[in-house]
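starting from these lines, generate the structure:
(one chain, ligands or ions: 1)
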Amino acid sequence: MSWYHNAVFYQALVGSFKADGDKEVGTLRGVIDKLDYLQWLGVDCLWLSPFYASPLRDDGYDIADYYSIHPDYGTMEDFEELIAQLHRRGMRIMTDLALNHTSSDHPWFQASRTDPTGPYGDFYVWGDDPERYPEIRVIFTDVETSNWTWDDQRGQYYFHRFYSHQPDLNYDNPAVQEEVFKILSFWMDKGLDGLRLDAIAYLFERDGLGGESLPETIEFVEKIRSFMDTHYPDAVLIAEANQPPAETMQFYGKGERFHMVFNFPVMPRLYQALALADATPVYSILDELPALPDGCQWGTFLRNHDELTLEMVDDDVRELMYEAFLPDDEMRAHVGIARRLMPLMNGDRRKVELMFSLLMTLPGAPFIYYGDEIGMLDDTTLPDRYAVRTPMQWDDSEHSGFSTKAPSRLPVVGGTSVAAQLDDATSLLNTVRSMIAERHAHPDLGTAPCEPVETGEEAVLGYQRGDLLCLHNFSDRSIDLGPVELGPYGYAWLPA
Ligand code: NOJ
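Okay, here's the model as predicted:
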């Protein structure tokens, strides 16, 4: 078993976690200020979303310089200090790298536009035919109509999977691949314990194919893994690959690709089961996912910085999810739903706890999204996915203790805070903390197979994980199972 099998991960956005001094946005120093809190909560590994130099047109997933930190967030020294402070506490840190694309502001792209025969001329996917790769889907269908955008300066189209300001790098160019290894070394040499590789299924394009998870992409993933194994053998690589179940499995291979992959197949099923008061969708997806190769682990999550994605579910399920969780079209982002956990659960604490219990006991290592442990609300008037990225609420002072000045990027939503829940043993925060401690007390949860258990009640999901029998009631009814009675949305971890 490796450290990540049982680690509890916590995702924070630097700009939204905690500001220091008189800053108006969150900073790396602010994160350092809150490490005691994360340690108290039981977090083992902090995941920071991109904090690199960026015009922030995609909140940092549009990188303009892979080697520098956005000046608003602090300095390289601050980052090094953060790593040191985490390690001193016995905690770990992973960061996020978007390697599929850069910002259009990146000097490579600027050079590529103006000097087609120069050293960066072939760094991006240029073409004269905006109809090329018709099989490749547009991901952000609500804002982009094509994966090609015309560039006046170069007099050609460039290819992009996401926003038009995010040109895709050309992985057929060996020089691009070389740059990737330089970037990996640069950050790993700082002492990181892991990396989330963003949009990793999309690196290559080929005529006649859908362009996702292509053999060439998988082969490059293997190169990255063997590079990591050689130089950073304890580090974990986590894939963001939002693909159908069988394709998702390709990112593990036989264990020679990623150590971890986010469990996109399971995530929407938990919400679907709640909407239906029926555990069947969870049983089915668990059945569909094969056991993982040795050394591999799922990244289980309920929410993250993105919308609750519905790209991979069938049309009828998507409709059901919209009906259950999208009361207002303002909450839609791309093909998903940009809401936080507590509002998705309609403010029902019982459902939120049920979801946290699933997070802690389903196969995988749990990833908690900052603020969900206190049931933070969202601001659905904000565009794109910013509804779920508002400043963390620390106390009841002005600006919720996030900063002394009014935050300049996103408003504080308010309503609850860490301080308001800290001393209340019955608060959500303390309940989540106890669940994390329970999870740590059962290391079997890191590796034990998940054996479905028939409960005789369609609303109740049962599975055995090592020495635990886990029961979850997706309905608002009390259900008597004989040895145990589950209240509405009740859950239990029993000795098996
Ligand atoms: C996946 C990230 O999670 C998302 O926030 C981003 O918009 C896309 N990649 C494109 O960079």
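
what does the chain have sitting close to the ligand?
D58, Y61, A98, F162, D198, A199, E240, H305, D306 (C-beta under 6 Å from any ligand atom). For every residue, glycine as well, the C-beta is placed using N, CA and C.

measure F181 to the ligand for me?
Distance of F181 to the ligand, given as C-beta to the nearest ligand atom, to the nearest Å: 21 Å.

quick check, the residue in this structure closest to the ligand?
Of all residues in the chain, Y61 sits closest to the ligand, at 3.3 Å by C-beta to the nearest ligand atom.

isn't that residue up against N100?
No. Counting by C-beta atoms under 8 Å, Y61 stays clear of N100, with 9.5 Å between them.

most neighbours of all the residues of the chain next to the ligand, which one?
A98 (26 neighbours; other C-beta atoms under 10 Å).

so which of the residues of the chain next to the ligand belong to strands?
Counting by DSSP state E, the residues of the chain next to the ligand place A98, D198 in strands.

circling back to that earlier point, find the residue closest to the residue of the chain closest to the ligand in space, skipping its chain neighbours.
In this structure, Y61 finds its nearest non-sequential neighbour in A98, 4.8 Å apart by C-beta to C-beta, 6 or more residues apart in numbering.

and the strands in the stretch 201-350 of the chain?
Secondary structure of the stretch 201-350 of the chain (DSSP state E, counting those that start in this stretch): strands at 236-239, 260-262, 297-301, 332-333, 336-337.

possible to save those strands as JSON lines with mean neighbour count, mean pLDDT and distance to D122?
Shown next, in JSON lines, are the strands of the stretch 201-350 of the chain (neighbours: other C-beta atoms under 10 Å; pLDDT from 0 to 100; distance: least, C-beta to C-beta, whole Å):
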{"stretch": "strand 236-239", "mean neighbour count": "26", "mean pLDDT": "98", "distance to D122": "27"}
{"stretch": "strand 260-262", "mean neighbour count": "26", "mean pLDDT": "98", "distance to D122": "31"}
{"stretch": "strand 297-301", "mean neighbour count": "23", "mean pLDDT": "98", "distance to D122": "34"}
{"stretch": "strand 332-333", "mean neighbour count": "20", "mean pLDDT": "95", "distance to D122": "34"}
{"stretch": "strand 336-337", "mean neighbour count": "24", "mean pLDDT": "96", "distance to D122": "34"}
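
sorry, back to before: quick one: contacts for the residue of the chain closest to the ligand?
By C-beta atoms under 8 Å, 6 or more residues apart in numbering, the contact list for Y61 reads S49, P50, S54, D96, A98, F162, Q166, D198.

what pLDDT does it get?
Note on Y61: pLDDT of 98.

just L13 next, same as before
98.

just the one 10 residues further on next, same as before
pLDDT for K23: 96.

cool, and the one 4 residues further on?
If you check T27, the pLDDT there is 98.

and it, how many neighbours?
Neighbours of T27 using other C-beta under 10 Å come to 25.

residues in contact with the residue most central in space within the chain?
Centroid-nearest residue in the chain: N304, 4.7 Å away (criterion: C-alpha atoms, centre = their mean). By C-beta under 8 Å, 6+ apart, the contact set of N304 is Q11, F367, Y369.

any chance of the residues you listed in a markdown table, with secondary structure and neighbour count too?
Rendered in a markdown table, the data for the contacts of N304 read as follows (DSSP: H, G, I helix; E, B strand; the rest coil; neighbours: other C-beta atoms under 10 Å):
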| residue | secondary structure | neighbour count |
| --- | --- | --- |
| Q11 | strand | 22 |
| F367 | strand | 25 |
| Y369 | strand | 23 |
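
re earlier: what do Y61 and N100 both touch?
Residues touching both Y61 and N100 (C-beta under 8 Å, 6+ apart): D198.

quote the end-to-end distance of stretch 32-49.
By C-alpha to C-alpha, to the nearest Å, the extent of stretch 32-49 from end to end equals 15 Å.

go on, stretch 146-159?
End-to-end distance of stretch 146-159: 9 Å, with C-alpha to C-alpha as the criterion.

show me which residues of it are buried.
N147, W148, T149, D151, R154, Q156, Y157, Y158, F159 (16 or more other C-beta atoms under 10 Å).

need the max-distance pair from these.
Spatially, the most separated pair among the buried residues of stretch 146-159 is N147 and R154, at 16.7 Å (C-beta to C-beta).

quick one: contacts for the closest residue in space to L461 that isn't next to it in sequence?
Excluding the flanking residues, the one nearest L461 by C-beta to C-beta, 6+ apart is A279, at 3.7 Å. Counting by C-beta under 8 Å, 6+ apart, A279 makes contact with A273, T455, E458, A459, V460, L461, H472, F474.
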